[in-house]
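Visitor: Structure, please.
(one chain, ligands or ions: 1)
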Amino acid sequence: MNAVLKPLEAQLEAMTPAWLDVVTAVESRAYEHPWSRGNFTDSLNSGYQALLLTAGSDANTTLLAYFVAMKGVDEVHLLNITVSPEHQRQGWGRVMLDALAIWSRQQGAQWLWLEVRVSNTHASDVYRHYGFNQVGVRRNYYPHSTAGSQVREDAIVMSFAL
Ligand SMILES: CC(C)(COP(=O)(O)OP(=O)(O)OC[C@H]1O[C@@H](n2cnc3c(N)ncnc32)[C@H](O)[C@@H]1OP(=O)(O)O)[C@@H](O)C(=O)NCCC(=O)NCCS
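Guide: Numbering: from 1, shown residues only. This next block holds a predicted model:
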């Protein structure tokens, strides 16, 4: 009998405080300078849009990805987008950007904005490939440790016309 290949079923859901143990565990594996639990709590308390992409159900639920975004006047600022390390480079980042773009259009936004570390070439390639353009550089925007010393790293500012 031929095996029937089932696509991985994933669903979007709201990030709630109950998810923060799982979210912060992924966050610390994904970044050298991760957001703290307080950063996520503040974002939820501020009413920012925070969505999770999960697969499976109940005890077998896997967190694939999440984003946090803040609505401005005619733009949405993407504050955090993360795909769990073991699920990166499989298209889930693009799925999250699609979900972000759909929500942002529903809000009447005309632009998406984000910052990305100069050294994060995978993320900036993904954004460029999606259609973002570089619109500026913020000097010394991010903390950065190198050889034990604390220095700062520039951010590339990118925007996407909705
Ligand atoms: C950055 C991140 C969110 C991207 O998500 P991802 O799931 O790895 O990316 P995807 O697999 O969805 O790639 C998206 C697209 O970019 C394309 N792409 C990736 N690298 C590319 C490159 N060098 N050149 C051209 N296209 C590229 C992919 O082919 C894909 O295109 P497709 O959907 O048409 O096939 C994820 O890698 C991540 O969480 N990284 C760690 C945390 C981080 O850096 N977050 C961003 C902080 S600003």
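
Visitor: how many neighbours does residue 133 have?
Guide: By the other C-beta atoms under 10 Å criterion, the neighbourhood of residue 133 contains 11 residues. C-beta: built from backbone N, CA, C; applies to glycine.

Visitor: Buried residues, the lengthiest helix in the chain. List them.
Guide: Secondary structure assigned by DSSP state H gives helix 92-106 as the longest helix of the chain. Counting neighbours by 16 or more other C-beta atoms under 10 Å, one finds that the buried residues in helix 92-106 are 92, 93, 95, 96, 97, 99, 100, 101, 103, 104.

Visitor: what's the answer for stretch 133-145, then?
Guide: Taking 16+ other C-beta under 10 Å as the neighbour-count basis, stretch 133-145 is seen to contain the buried residues 141, 142, 144.

Visitor: Now, those residues that are in strands?
Guide: In strands, judged by DSSP state E, the following of the buried residues of stretch 133-145 are found: 141, 142, 144.

Visitor: Spatially, what comes nearest to the second one if we skip its sequence neighbours?
Guide: This points to residue 142. Using C-beta to C-beta, 6 or more residues apart in numbering and skipping the chain neighbours, the partner closest in space to residue 142 is residue 153 (4.5 Å).

Visitor: just to revisit the earlier point, output those of the ones in strands among the buried residues of stretch 133-145 also counted as contacts of the ligand.
Guide: Checking these against the ligand by C-beta under 6 Å from any ligand atom, not one of them is in range.

Visitor: just the strands in the protein please.
Guide: Ranges of strands within the chain are 10-14, 49-55, 62-71, 75-83, 111-117, 133-146, 149-161, based on DSSP E.

Visitor: any idea of the pLDDT on residue 3?
Guide: Listed pLDDT for residue 3 reads 47.

Visitor: quick one: whichever residue of the chain sits closest to the ligand and residue 151, what's the gap?
Guide: Among the residues of the chain, residue 93 lies nearest to the ligand; the distance is 2.0 Å by C-beta to the nearest ligand atom. For residue 93, the distance to residue 151 under the criterion C-beta to C-beta, to the nearest Å works out to 28 Å.

Visitor: most centrally placed residue in the chain?
Guide: Nearest to the mean C-alpha position of the chain, counting by C-alpha atoms, centre = their mean, stands residue 81 at 0.5 Å.

Visitor: can you count the residues close to residue 108?
Guide: For residue 108, the neighbour count with other C-beta under 10 Å is 11.
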